[in-house]
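>>> Sequence and predicted model, in that order:
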Amino acid sequence: MLDIDFVRSNFPAFCEPSLEGQAFFENAGGSYTCGQVIDRLTRFYRSRKVQPYASYEASSLAGEEMDEARTRLAKVMGVESDEVSFGPSTTQNTYVLAKAFRQFMSPGEAIIVTNQDHEANTGPWRQLANKGIEVREWKVDPETGHLDTDDLENLLDDKVRLVCFPHCSNVVGEINPVLEITALCHAAGAFVCVDGVSYAPHGFVDVGDLGPDIYLFSSYKTYGPHQGIMVIRRNLGQLLPNQGHYFNAGSLYKRFTPAGPDHAQVAACAGMVDYLEALGAHHDVSVGGVHDLMRAHEVALLQPLLDAVKDRNSVRLIGPSDASVRAPTVALALNRPGEEVAAELAQHGIMCGGGDFYAVRALEAMRVDMGKGVLRLSFVHYTSEAEVTKAIEALDAVL
């Protein structure tokens, strides 16, 4: 079992007086930062904040720390170090990739996107329609929000060059079968881009095993600084046109990051792996096993919350009611605005949010009243059983 006291001891926010007595349920918007990341960021700004990769000590140490972050993250995700790129955000990274595909593809060829995604992994790709690329939409079930692979098969043919879908939606929460979907797309000759932003906070995945050609997530949601991290497998990365400086075209991790990265934040991302390793060592499991520890804890805490809301009058639970098949991101359509209810929950010590969460297409497809949006409560492995109980009791009081 996950040692929740040990977990929380790694996050300074739980010792912060200004946050005392408040339970954090807006983790899908950004997680607390672990102490290891804060320590590395502080050290970099204190003693490494110079142009990296020069011969003097402060500069060489800065470069080494940046390389360390890339190398260690790559190892966790089962890919080569130069297949990991850093950018200012996942949205920005996706726009850069969409520009590369616009140059790579020919009019008449097709891509597939979903209406389950956060706008960051659907909007940039849809803009390719302006260049003569056919955009096909893999639609969710309007009642459940589920993506059916049979519907995807009907969209695939020899014109499709790319399929984009989320590992899980930031409002539906259902975990999509990435391995199965990727195999289906590859068999049809299409590349695969997976938005892992809403799944990665619940456990880093082995991208090498899952097989997608692109996997994106945001480190500020995985206990780190505000960076977008993307894996681009070598086969695809070398095919796509270079989007960086021409003289960097030979470096895979620089091909799709045209702007200079935030050196300190890149270096601090190694702290995320420090934390995973500390968690693994404490529980006597591998870093890969940490994923399973996190998920088991989250599933155990999530099911009571789902049970408490799924049959309520005037409450519509978005996505499945079985905790084992979804992330602990719970969106509720109510008979009044989600933001209004979130404000009332704040008076009970519950920090959460309301609105559309940039998942407008998904909510509209499920016929949610966009004037009200949804209330969303989201948590991760550092959330305690007592906090979930407090959230359920607060919902009872407010609803």
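Received, thanks. Keep in mind that what you see is a predicted model, and the values were worked out from it rather than measured.
>>> Identify each buried residue in the longest helix anywhere in the chain, please.
Longest helix in the chain, counting residues (DSSP state H): helix 287-309. Across helix 287-309, burial judged by 16 or more other C-beta atoms under 10 Å covers 287-288, 290-291, 293-295, 297-299, 301-303, 305-306, 308-309. For every residue, glycine as well, the C-beta is placed using N, CA and C.
>>> same check, this time on stretch 224-236
224-225, 227-233, 236.
>>> I'd like those written out as TSV, with secondary structure and pLDDT added.
Below are those laid out as TSV (DSSP: H, G, I helix; E, B strand; the rest coil; pLDDT from 0 to 100):
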residue	secondary structure	pLDDT
224	coil	98
225	coil	97
227	coil	96
228	strand	97
229	strand	98
230	strand	97
231	strand	98
232	strand	98
233	coil	98
236	helix	98
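>>> Let me know whether residue 267 touches residue 40 as I believe.
Yes. Using C-beta atoms under 8 Å as the test, residue 267 is close enough to residue 40 to be in contact (6.2 Å).
>>> For those two, indicate the residue with more neighbours.
Set residue 267 next to residue 40 and count neighbours by other C-beta atoms under 10 Å: residue 267 wins out with 29 against 25.
>>> leaving aside the residues next to it on the chain, what's closest to that one?
Once flanking residues are discounted, residue 267 sits nearest to residue 65: 3.8 Å by C-beta to C-beta, 6 or more residues apart in numbering.
>>> Now do the contacts for the one you found.
40, 44, 48, 267, 270 (C-beta atoms under 8 Å, 6 or more residues apart in numbering).
>>> And residue 208, by the same measure?
Taking C-beta under 8 Å, 6+ apart, one finds 77-79 in contact with residue 208.
>>> What segments of the stretch 101-250 of the chain are strands?
Remark: strands assigned in the stretch 101-250 of the chain by DSSP state E, counting those that start in this stretch are 110-114, 134-138, 160-166, 191-195, 214-218, 228-232.
>>> between the first one and strand 134-138, how many degrees?
Going by axes from the mean of the first three to the mean of the last three C-alpha atoms, to 10 degrees, strand 110-114 is angled at 30 degrees with respect to strand 134-138.
>>> and strand 110-114, what other elements does it pack with?
On a contact count with 3 or more C-beta pairs under 8 Å, 6 or more residues apart in numbering; DSSP states H and E, strand 110-114 meets helix 123-126, strand 134-138, strand 160-166.
>>> and of the ones you listed, who's closest to residue 339?
helix 123-126 (22.7 Å; C-beta to C-beta).
>>> Could you list the buried residues of stretch 338-356?
For stretch 338-356, by 16+ other C-beta under 10 Å, it's 338, 341-342, 345, 348, 350-356.
>>> er, stretch 166-182 I mean
By neighbour count on 16+ other C-beta under 10 Å, the buried set for stretch 166-182 is 166-176, 178, 181-182.
>>> Please name the residues that touch residue 336.
Residue 336 touches residue 372, counting by C-beta under 8 Å, 6+ apart.
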